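In: sequence and predicted structure below; questions after.
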Amino acid sequence: MEQATEPAAGISLDELQLAARNHAMPLEVLRQPLTPTGLHYLLIHYDIPAVDTATWRLELGGLVERPLSLSLEDLRARPAVDLTVTMECAGNGRARLEPRPIAMPWLGEAVGTARWSGVRVRELLDEAGVLPDAVEAVFSGIDRGVEGDVAQQYERSQRLDEPALDDAVLAHSMNDAPLLPQHGFPLRLVVPGWYGMTNVKWLERITLVDRPFDGYQHSTGYRFKRHEDDPGVPVTRMLPRALLVPPGIPDFYSRERILGPEPCLLEGRAWSGYGEIVRVEVSANEGTTWFDADLEDDVGSRWAWRRWTAEWDPLACGRFVLCSRATDAAGNVQPVESVWNVGGYANNAVQRVAVTVAAG
Ligand SMILES: Nc1nc2c(c(=O)[nH]1)N[C@H]1C(S)=C(S)[C@@H](COP(=O)(O)O)O[C@H]1N2
Ligand SMILES: [Mo]
């Protein structure tokens, strides 16, 4: 599947093409609890499909007593549940790996937090009556493409005993407005705590099956592999990550920061799919020493990021590398150095922000 290349080889035009279609979230937007819809990151494997809502239906079938076929109007007429979720692409941080796996070259900002509204997955499963043999639900998108020489439609499954499925939503709205085309209009799956690939956009079908689904995005994509022949293990929930709002002002090209010598308030957000964030630490010397940040909850969802702040006094002029590091309730801590895998997934090594402190 993915080939790897040394960083010295540079970003190819193919990688640039992916990066220009799929944008990240500007870090300064971390100041806000919810990401403005147009600034939420995007990842689209193939094309954004054109959907005619007059004919579109969600079909729920396979191992159920009563298959369902629902129009968008049917879904919108039901009482909506809200789910505020921090979503992150599993490839976030990939471009910092050496050698660099060839796919969407994310630096570290492929994240966003949104309020998704729609119908609980469990509500529809219960209505359809899942038969005892069923073990997984397969979610199929309308979008088609070729990946690893395999023509396919985008599909991912969830085990029926996955606890996060109890909170999962089939969302027709994002931040109180109908889904935008790029975010999966008319309907998408949102499974809280899992990496982005799980949240199938442009849904057209849910199929209950009696064995683990082995479509491309499970058997080949989204697996942690140490080498090409390693069968690997599946990528699932988000590892902890803290990001900080780069302080001061940026240099246009390098985006290195310039700021004055007075004390400043560093702020950012941290999240994990393995439990609440219990600690964020900050370093001003590239991870040699750390001090604790203060945590707060201004979003109010257990599936969303927590805000953190830390007062920093540079004490002297010069160049500093600021880092932040998150720990979650399950005891996962961000590593200072990246851990490589073939697909370049889940690289949650700490963020480094170079700043130059200068007088006047
Ligand atoms: N049908 C479909 N669903 C999809 C994708 C896709 O390409 N097709 N991309 C997945 C990936 S890899 C991610 S990270 C998220 C991105 O969601 P967003 O673009 O709304 O942020 O959608 C997921 N759902
Ligand atoms: Mo992704």
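Out: Noted; the coordinates are in hand. Residues are numbered from 1 along each chain as shown. Ligands and ions are numbered 1, 2, ... in the order given.
In: doesn't residue 173 make contact with residue 37?
Out: No: contact between residue 37 and residue 173 fails when scored by CB atoms under 8 Å: they sit 10.5 Å apart. C-beta: built from backbone N, CA, C; applies to glycine.
In: common neighbours of those two, please.
Out: Overlap of the contact sets of residue 37 and residue 173 (by CB atoms under 8 Å, 6 or more residues apart in numbering) is empty.
In: which SSE is the nearest residue to residue 237 once chain neighbours are set aside in?
Out: Of all residues beyond its chain neighbours, the one nearest residue 237 is residue 273 (3.3 Å), with distances taken as CB to CB, 6 or more residues apart in numbering. Under DSSP states H and E, no helix or strand contains residue 273.
In: okay, residue 273: pLDDT?
Out: Residue 273 is assigned 98 on the pLDDT scale.
In: with the one 3 residues further on instead?
Out: Reading off the per-residue confidence, residue 276 sits at a pLDDT of 97.
In: OK, contacts around the residue nearest to it when sequence neighbours are not counted?
Out: Nearest non-adjacent residue to residue 276, counting by CB to CB, 6+ apart: residue 329, 4.7 Å away. Neighbour list for residue 329: 272, 274-278 [criterion: CB under 8 Å, 6+ apart].
In: check residue 123 too.
Out: Contacts for residue 123 (CB under 8 Å, 6+ apart) come out as residue 78.
In: look up how far residue 179 lies from the residue lying closest to residue 58 once chain neighbours are set aside.
Out: What sits nearest to residue 58 in space, not counting adjacent residues and going by CB to CB, 6+ apart, is residue 70, at 4.7 Å. To residue 179, residue 70 is 16 Å away according to CB to CB, to the nearest Å.
In: try residue 221
Out: Taking CB to CB, one finds residue 221 at 23 Å from residue 179.
In: skipping adjacent residues, who's closest to the closest residue to ligand 1 within the stretch 151-300 of the chain in space?
Out: Residue nearest to ligand 1 within the stretch 151-300 of the chain: residue 196 (2.4 Å; CB to the nearest ligand atom). For residue 196, ignoring the flanking residues on the chain, the nearest one in space by CB to CB, 6+ apart is residue 89 at 4.4 Å.
In: roughly how far apart are the one you found and residue 224?
Out: Residue 89 is 15 Å from residue 224, by CB to CB.
In: okay, the two: which has more neighbours?
Out: Comparing residue 89 with residue 224 by other CB atoms under 10 Å, the one with more neighbours is residue 89, at 24 against 17.
In: wait, what's in contact with the more buried one?
Out: 41, 43, 104, 106, 110-111, 195-197.
In: please redo it, this time with the cut-off set to 10 Å
Out: Contacts of residue 89 were listed using CB atoms under 10 Å, 6 or more residues apart in numbering, and they are 22, 24, 41-43, 104, 106, 109-112, 195-197, 238, 345-346.
In: with residue 175 instead?
Out: So residue 175 contacts 34-38, 40, 84, 113-117, 183 (CB under 10 Å, 6+ apart).
In: pLDDT score assigned to it?
Out: pLDDT, residue 175: 98.
In: returning to that earlier point: and the contacts of residue 175, which are buried?
Out: Buried members of these, scored by 16 or more other CB atoms under 10 Å, are 34-35, 37, 40, 84, 113-117, 183.
In: would a markdown table of those residues with secondary structure and distance to residue 322 be doable?
Out: Shown next, in a markdown table, are the buried ones among the contacts of residue 175 (DSSP: H, G, I helix; E, B strand; the rest coil; distance: CB to CB, whole Å):
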| residue | secondary structure | distance to residue 322 |
| --- | --- | --- |
| 34 | coil | 25 |
| 35 | coil | 22 |
| 37 | helix | 29 |
| 40 | coil | 25 |
| 84 | strand | 28 |
| 113 | strand | 22 |
| 114 | strand | 27 |
| 115 | strand | 30 |
| 116 | strand | 32 |
| 117 | strand | 36 |
| 183 | helix | 32 |
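In: out of those residues, which is nearest to residue 56?
Out: residue 183 (15.7 Å; CB to CB).
In: what is the residue in the stretch 1-150 of the chain that ligand 1 sits nearest to paired to in the beta sheet?
Out: Per CB to the nearest ligand atom, residue 141 is where the stretch 1-150 of the chain lies closest to ligand 1, at 2.6 Å. When bridges are called by DSSP bridges, residue 141 pairs up with residue 203.
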